[in-house]
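**Q** Got a predicted structure here, sequence first:
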Amino acid sequence: MPEQHHDPERAAAGTGMGGTMDLGVDEAETLERVPGGPDGPGPRDKPRSLWSDAWRDLRRDPVFLLSALVILFLIVISLRPSLIASGSPLKCDLARAQEGSQSGHPFGFNGQGCDVYTRTVYGARTSVTVGVCATLGVALLGSVLGALAGFFGGVWDSVLSRITDVFFAIPVVLGGLVLLSVVTSSSVWPVIGFMVLLGWPQLSRIARGSVITAKQNDYVQAARALGASPSRLIFRHIAPNAIAPVIVVATIALGTYISLEATLSYLGVGLKPPSVSWGIDISAASPYVRNAPHALLWPSGALAITVLAFIMLGDAVRDALDPKLR
């Protein structure tokens, strides 16, 4: 056998089929190096996924940063309202009814002599609690039912489609007036349960369509051909690639649920005193809008800013997760 000499100017590289081929040193080094991204060069960088690209875009989006800061502030004061507001929101003094701004009470007093600033701060806790819990319930129930219908199809899909058609035919506010009018509890849970009951069909339709699209991809068909179980197909291959639309819609819907709670409370069928809610305060201040407009302005402004922040956050997340918008 002829003797083979090692050439230091050559290197062996795998062909991907079990063999090797000779490459020059410069060529071999080229294969080892991966061009750096926009953050700077780096060898052997891992390929970026949709989520990493989305996070990179979100960090550079001023709309996302502004809305995230507002939402973070709302969460902080919801957990610890005493950080920026002293006193009790239920403490009222009729002698100060409808008085304007003064030292220690920057927002003035409402028609019952309650401090508007304290009630506005404490009202954030109720709104954030209702919005977050309702969104989590709707997203969980709707995505599970929609994913099962989209994956298995058949009778299950047909039955779920007819059920969602029935729920879509119910006006939300009218349904709240009918269902919540018989509830005497001042807790937030009846309102949250109502929102979950009427909100899951929308997320179910979106999850169903997303799963149907994802399960037709080649990698899912290949995994099915290799004998992957339905649970592995759903959780390993379909769910990670079908959950993005659900997250976007749920984020935008969170602001909608906050405004829905305020609407129902304003109409007197949502939260009831002694609960502290922006909707309750807006309803109580409406008859005195000419004499004490500040009592209506501040809770209305807080509600508008909160809803706008969540809608802006949802729009930013949608733009980051939609490859067609890149």
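**A** Everything's here; your move.
**Q** if I've got this straight, residue 56 is in a strand?
**A** No: under DSSP: H, G, I helix; E, B strand; the rest coil, residue 56 falls outside any strand and is assigned helix.
**Q** I'd say residue 126 and residue 281 touch.
**A** No: checked against CB atoms under 8 Å, the pair residue 126 and residue 281 is beyond contact range at 10.5 Å. All C-beta spots, glycine's among them, are computed from the backbone N, C-alpha and C.
**Q** Compare neighbour counts for the two and give me the winner.
**A** residue 281 (28 against 24; other CB atoms under 10 Å).
**Q** export the one helix or strand that one maps to as PDB, just CAs?
**A** Using DSSP states H and E, residue 281 sits within helix 278-285. The C-alpha coordinates for helix 278-285 follow below in PDB (Å, rounded to 0.1, in the frame of the first residue of the first chain):
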ATOM      1  CA  TRP A 278     -62.700  52.400  37.900                       C
ATOM      2  CA  GLY A 279     -66.100  51.500  36.500                       C
ATOM      3  CA  ILE A 280     -67.800  52.100  39.800                       C
ATOM      4  CA  ASP A 281     -66.000  55.400  40.300                       C
ATOM      5  CA  ILE A 282     -66.900  56.600  36.700                       C
ATOM      6  CA  SER A 283     -70.600  55.600  37.300                       C
ATOM      7  CA  ALA A 284     -70.600  57.400  40.700                       C
ATOM      8  CA  ALA A 285     -69.000  60.600  39.300                       C
END
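**Q** what's the following helix or strand after that helix?
**A** Toward the C-terminus, helix 278-285 is succeeded by helix 294-321 as the next helix or strand (DSSP H and E).
**Q** Report whether the expected contact of residue 64 with residue 56 is present.
**A** No: contact criterion CB under 8 Å: residue 64 and residue 56 do not qualify, at 11.5 Å.
**Q** These two - which one has more neighbours?
**A** Neighbour count, other CB under 10 Å: between residue 64 and residue 56, residue 64 has more, with 19 against 14.
**Q** Secondary structure element for the more buried one, which one?
**A** Per DSSP H and E: helix 62-79 holds residue 64.
**Q** Also compute the angle for that helix relative to helix 294-321, please.
**A** Here the directions of helix 62-79 and helix 294-321 differ by 130 degrees (axes from the mean of the first three to the mean of the last three CA atoms, to 10 degrees).
**Q** now for helix 62-79, which elements pack on it?
**A** Applying 3 or more CB pairs under 8 Å, 6 or more residues apart in numbering; DSSP states H and E, we find helix 62-79 packed against helix 116-152, helix 294-321.
**Q** Helices of the stretch 101-250 of the chain, residue ranges please.
**A** Shown for the stretch 101-250 of the chain, the helices assigned by DSSP state H, counting those that start in this stretch span residues 116-152, 154-168, 172-180, 189-214, 218-225, 230-232, 239-242, 244-266.
**Q** Return the set of buried residues in the last one.
**A** Of the residues in helix 244-266, those scored as buried under the neighbour-count criterion (16 or more other CB atoms under 10 Å) are 244-246, 248-266.
**Q** Now tabulate the helices of the stretch 101-250 of the chain in TSV and tack on distance to residue 290 and mean pLDDT.
**A** Shown next, in TSV, are these (distance: least, CB to CB, whole Å; pLDDT from 0 to 100):
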stretch	distance to residue 290	mean pLDDT
helix 116-152	16	93
helix 154-168	41	90
helix 172-180	27	90
helix 189-214	30	92
helix 218-225	63	87
helix 230-232	62	85
helix 239-242	53	85
helix 244-266	18	92
